[in-house]
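>>> Just need the structure, nothing else, for what follows:
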Amino acid sequence: MPYCCAVGCTNGEGSGSSFFRFPKDKIVHRLWVARVKRKNWVPTKTTVLCSDHFQGSDYETDPAVLKSVGVKRQLRLKKDAVPSIFVYTETKAKKTRGALEKRHKKQLLDESFAAYEDEEASETDSEHESTEPVASSSQNTETCVTVSTQTTFYTADKCVQTLKSQLPKPRTYSRGIQVELPKAQMTDVSVTCNFPDAPPSLPKQTVEEELEESDQDDIEDDPIKDPDYTGIDVEDDEDDEDNIEDDVAEKIDRELKDEGASPEQHKFLVFSSCLLTLMLRCFTCLAGCRVIIRRLFGSCVVLEQRCRHGHTFTWSSQPYLGTMPAGNMLLSTSIFFSGSSAVRTINMFRHLRMPAISIATFNKVQKSYMVPATRHVWHAEQDELIEQRQGLGLRLGGDARCCSPGHTAKYGSYTLMDLSDSKVLDMQLVQSNEVKNSVAMEVEGLDRAFTVLQGKSLTIQTLTTDRHIGVKSYMKKQQPGITHWFDVWHLAKGVKKKIRAKGQRKDCQPLNEWVKSINNHVYWCAASSHGDEAQVRAKWESITRHVVNKHDGHGGIYPECEHDELDERNWLKEGSKPHKELELIVKSRYLLNDIGKLSPAEQTSSLEAYHKVVIFFAPKSVHFPFATMEARLLLAALHFNENAQRAQAVTKQGELQWGVSHPKARQGAPVLKAVKGPIKFGYVQNLVTKTLELRSQFPSYRKATVLAEERRVPPPIASKYEKPNKQELIDSHRSRFNVATSVTSLE
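Just a heads-up that it's a prediction; the model follows:
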């Protein structure tokens, strides 16, 4: 038989009170224990408190409202409800007399019938009054919505039934701690009527005093795990109990920081009909209300509630960052920092019929705040990477990426990466009108990247690149002190492509069987020679004797093959057409000059993986202005640096996870790949924080222009041409498929 554990309370089974077990949440559990104020006492799993010790606002649905309309429902406490009515705090609330309850219930019903008569009269004047809010194209136009919450009360039973459907659902919870918020945090809501007194809240100091013996080791920031929680028992806690005051203060500060504009808050997709149900009744007199959409500001909506007694209440769906709704800013940052397309995202919102920012607003926020924030965050990370590498001999990899193939590329970016840990150290973007042609963009980008790193006193020992002619010449003339290696994959790919092309000929088809073996031979020559150019060249030329089943007598520093006995296979015939074509490829003067410089260890595979990330953030099919293109490339570098060293994922049994793919380059052959752990996005939080910081420092687009001027941007390519007269172009325009002209000419 349950009995209330509060001092001086005698409520038990049959008393008409509801009973609640102590909650599982450790903070709220300790608040309950502290409020009971029993010395040297620990509640058990069956200890309960009765409903007489809670305010009406502590419940999901106020018991007084339920009782006034005759609805019987199991009482459920809010997740953060704390008992506050005890004999040592204030006297027990007296029960309302039955006659008073009847009068109050009759008053509610009379108001309901009166509201119904008023609505009936108004409907004769306007038959087309809408019951849903309609967003006007003009932000200054008011859209009125009549919320007919009291127009269907015909009988007392119907009244009860309607109110039941409008009451909140029983299993919705809100997390938080009852504290007294500073006045500075109560913003964006203007009230022109007197609200009922709020339930007494706990000052922060009182919370800390009452929880002197608590601990926060097990407090989680995750959402509520048990949706059916009703205040049941909690396990005993035996953790350390030394630093509870700092822990509670930290939790409160984390949940209530930034005046409600914190990007860490959850945001929800809310339908207009569901939103209006929150404002069905006046918050002062509970009468039916009219809801007016005062303003649509991008993704922010401002509603005004007016009841027939003259009470008004204004509500905004978002906090503000100066004069800008926080949601507009955070929506822009989410689109840009995720690498998404602004046009496609905004179109998605249009299809969803959800008000959002315009593309013009996104472009302004991007130019004024997000692009400068990206540069600032990148430079901070770059400085940290460079500081860690001071005094070390760096082995770098470099590669270029153009926005389109051939000689028509507008942008070319060059990236230098530390191949020891796959960290991008620098990235330079070049526009084609900054150099003599598009081909020269790669060398210009490399020179700028070297200038940055060498200007910060870094020691570069080696550079591994592809076989670009301009880069070879630059390294020989401008950087003679740096060893220049060629990436094996690029050279092997070229050789394999040439052999396959010869193998397509009818008289050279036997070459196709040797493509894979020759490709592996390229890698073996580089890895086994330890950078000795002569040895690499000798091993490479020996392949022409190996394919005809001759494995010794090669001559020079590599006289014979090092492999064991081989199985029989389809050897080429010496002097045959396939053999002669292979010799021409293997002994090409251009190839022999480069093959000795194959990198013995470091390769540029990480750079190729980085370029896949670049494609995601800056696809070649989309054109971006120079500053935006550079920022998106820096986003790719930030993302790659944070995720380059992800560990291999493991199964629940602790085994390494592997995946199998069938790439087109392998003609469908299976390839085993390690499955990496989850992707991390910690850099995004730094970018959002920096963006909000810049918005705070420069609260208008005009003031933020100084940020955009920090970076020198080359002039547009079309600037060297004279601007034509548009009307003249229209007048001189002729179409080859003009139907009207064709018909006239036939006549």
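
>>> where exactly do the helices run in the stretch 201-350 of the chain?
204-210, 244-256, 272-277, 326-337, 342-351 (DSSP state H, counting those that start in this stretch).

>>> in the stretch 51-200 of the chain, which segments are predicted with low confidence?
Counting by pLDDT under 70, the stretch 51-200 of the chain has low-confidence residues at 69, 88-200.

>>> now the stretch 251-400 of the chain
For the stretch 251-400 of the chain, applying pLDDT under 70 flags the ranges 251-261.

>>> Tell me where the stretch 251-400 of the chain has strands.
Using DSSP state E, counting those that start in this stretch, the strands assigned to the stretch 251-400 of the chain run over residues 289-297, 300-307, 312-316, 320-321, 324-325, 393-402.

>>> Would you format those strands as JSON lines with distance to D552 and mean neighbour count included?
For glycine as for every other residue, the C-beta is placed from the backbone atoms N, C-alpha and C. Output for the strands of the stretch 251-400 of the chain, formatted as JSON lines (distance: least, Cβ to Cβ, whole Å; neighbours: other Cβ atoms under 10 Å):
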{"stretch": "strand 289-297", "distance to D552": "83", "mean neighbour count": "20"}
{"stretch": "strand 300-307", "distance to D552": "81", "mean neighbour count": "20"}
{"stretch": "strand 312-316", "distance to D552": "86", "mean neighbour count": "18"}
{"stretch": "strand 320-321", "distance to D552": "78", "mean neighbour count": "20"}
{"stretch": "strand 324-325", "distance to D552": "79", "mean neighbour count": "22"}
{"stretch": "strand 393-402", "distance to D552": "36", "mean neighbour count": "22"}
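
>>> Serialize these to JSON lines and add fields for distance to N11.
What follows is those, written out as JSON lines (distance: least, Cβ to Cβ, whole Å):
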{"stretch": "strand 289-297", "distance to N11": "38"}
{"stretch": "strand 300-307", "distance to N11": "38"}
{"stretch": "strand 312-316", "distance to N11": "38"}
{"stretch": "strand 320-321", "distance to N11": "47"}
{"stretch": "strand 324-325", "distance to N11": "49"}
{"stretch": "strand 393-402", "distance to N11": "75"}
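
>>> R76: which of the ones you listed is closest?
R76 lies closest, by Cβ to Cβ, to one member of the strands of the stretch 251-400 of the chain: strand 312-316, at 25.6 Å.

>>> Which strands or helices does the closest one pack on?
Other helices and strands packing on strand 312-316, by 3 or more Cβ pairs under 8 Å, 6 or more residues apart in numbering; DSSP states H and E, are strand 300-307.

>>> List the neighbouring strands of the strand it packs on plus their orientation.
Strand 300-307 has the following strand partners under DSSP bridges: strand 289-297 (antiparallel), strand 312-316 (antiparallel).

>>> Measure how the longest one sits relative to helix 326-337, angle-wise.
Using axes from the mean of the first three to the mean of the last three Cα atoms, to 10 degrees, one finds that strand 289-297 and helix 326-337 are set 40 degrees apart in direction.

>>> same question, the last one
Strand 312-316 and helix 326-337 meet at an angle of 10 degrees, taking the same axes, to 10 degrees as the criterion.

>>> Can you show me the CA trace of stretch 58-70 as CSV?
Output of stretch 58-70 as CSV, limited to C-alpha atoms (Å, rounded to 0.1, in the frame of the first residue of the first chain):
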residue,chain,number,x,y,z
ASP,A,58,4.4,20.5,-13.2
TYR,A,59,2.0,18.3,-15.1
GLU,A,60,1.8,17.7,-18.8
THR,A,61,-1.9,18.8,-18.5
ASP,A,62,-3.0,21.0,-15.7
PRO,A,63,-5.3,18.9,-13.4
ALA,A,64,-7.5,22.0,-12.8
VAL,A,65,-8.3,22.2,-16.5
LEU,A,66,-9.1,18.5,-16.7
LYS,A,67,-11.3,18.7,-13.6
SER,A,68,-13.2,21.8,-14.8
VAL,A,69,-14.5,20.0,-17.8
GLY,A,70,-15.0,16.7,-16.2
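
>>> buried ones in it?
Buried residues in stretch 58-70, counting neighbours by 16 or more other Cβ atoms under 10 Å, are found at D58, Y59, E60, T61, P63, L66, S68, V69.

>>> what's the answer for stretch 483-500, then?
For stretch 483-500, by 16+ other Cβ under 10 Å, it's 483-492, 494-496, 498-499.

>>> Over to stretch 525-541?
Quick answer for stretch 525-541 (16+ other Cβ under 10 Å): C525, A526, S529, G531, Q535, V536, R537, A538, K539, W540, E541.

>>> same thing with stretch 40-48?
Residues P43, T47, V48 are the ones in stretch 40-48 that count as buried (16+ other Cβ under 10 Å).

>>> Select from the residues you listed every entry located in strands.
Counting by DSSP state E, the part of these found in strands is V48.

>>> Out of the buried residues of stretch 40-48, which is nearest to P600?
Using Cβ to Cβ, the buried residues of stretch 40-48 come closest to P600 at P43, 70.1 Å.

>>> Which strand or helix spans Q454?
In this structure, Q454 sits in helix 441-455 according to DSSP states H and E.

>>> Show me what that helix is packed up against.
Helix 441-455 is packed against strand 393-402, strand 411-418, strand 423-431, strand 459-465, helix 469-478, with contacts defined by 3+ Cβ pairs under 8 Å, 6+ apart.

>>> ok, and what's touching the shortest one?
If you take Cβ atoms under 8 Å, 6 or more residues apart in numbering as the criterion, strand 459-465 is touched by 391-399, 419, 450, 453-454, 471, 475, 479, 482-487, 599, 602-604.

>>> if we go to 7 Å?
Residues external to strand 459-465 that are found in contact with it (Cβ atoms under 7 Å, 6 or more residues apart in numbering): 392-399, 419, 453, 471, 475, 482-487, 599, 602-604.

>>> any idea of the angle that strand forms with strand 393-402?
Going by the same axes, to 10 degrees, strand 459-465 makes 40 degrees with strand 393-402.

>>> And for the third one?
Relative orientation of strand 423-431 and strand 393-402, computed by the same axes, to 10 degrees: 40 degrees.

>>> on contacts alone, who are the packing partners of strand 423-431?
Packing partners of strand 423-431 (3 or more Cβ pairs under 7 Å, 6 or more residues apart in numbering; DSSP states H and E): helix 371-388, strand 411-418, helix 441-455, helix 626-643.

>>> rerun at 10 Å
helix 371-388, strand 393-402, strand 411-418, helix 441-455, helix 605-617, helix 626-643 (3 or more Cβ pairs under 10 Å, 6 or more residues apart in numbering; DSSP states H and E).

>>> neighbouring strands for it, and are they parallel or not?
strand 411-418 (antiparallel).

>>> Distance from the partner strand to the middle of the chain?
Chain-centre distance of strand 411-418: 25 Å, with Cα atoms, centre = their mean, to the nearest Å.

>>> So E642 sits against V684, correct?
Yes - using Cβ atoms under 10 Å, E642 is in contact with V684, at 9.4 Å.

>>> of all the buried residues of stretch 40-48, which comes closest to Y701?
Out of the buried residues of stretch 40-48, the member with the shortest distance to Y701 (by Cβ to Cβ) is P43, at 57.6 Å.

>>> these two touch, right, the closest one and V33?
Yes - P43 is within contact range of V33, at 6.4 Å (criterion: Cβ under 10 Å).

>>> do you know how far the residue nearest to V301 when sequence neighbours are not counted is from Q265?
Spatial nearest neighbour of V301, excluding adjacent residues (Cβ to Cβ, 6 or more residues apart in numbering): S317 at 4.9 Å. Per Cβ to Cβ, to the nearest Å, S317 is found 12 Å from Q265.

>>> between the two, who's got more neighbours?
S317 (17 against 13; other Cβ atoms under 10 Å).

>>> give the contact list for that one.
Shown in contact with S317 (Cβ atoms under 10 Å, 6 or more residues apart in numbering): 188, 267, 270, 275, 297, 299-303, 325, 327, 355.

>>> quick one, phi/psi of it?
Backbone torsions of S317, given as degrees, to the nearest 10, read phi -80, psi -10.
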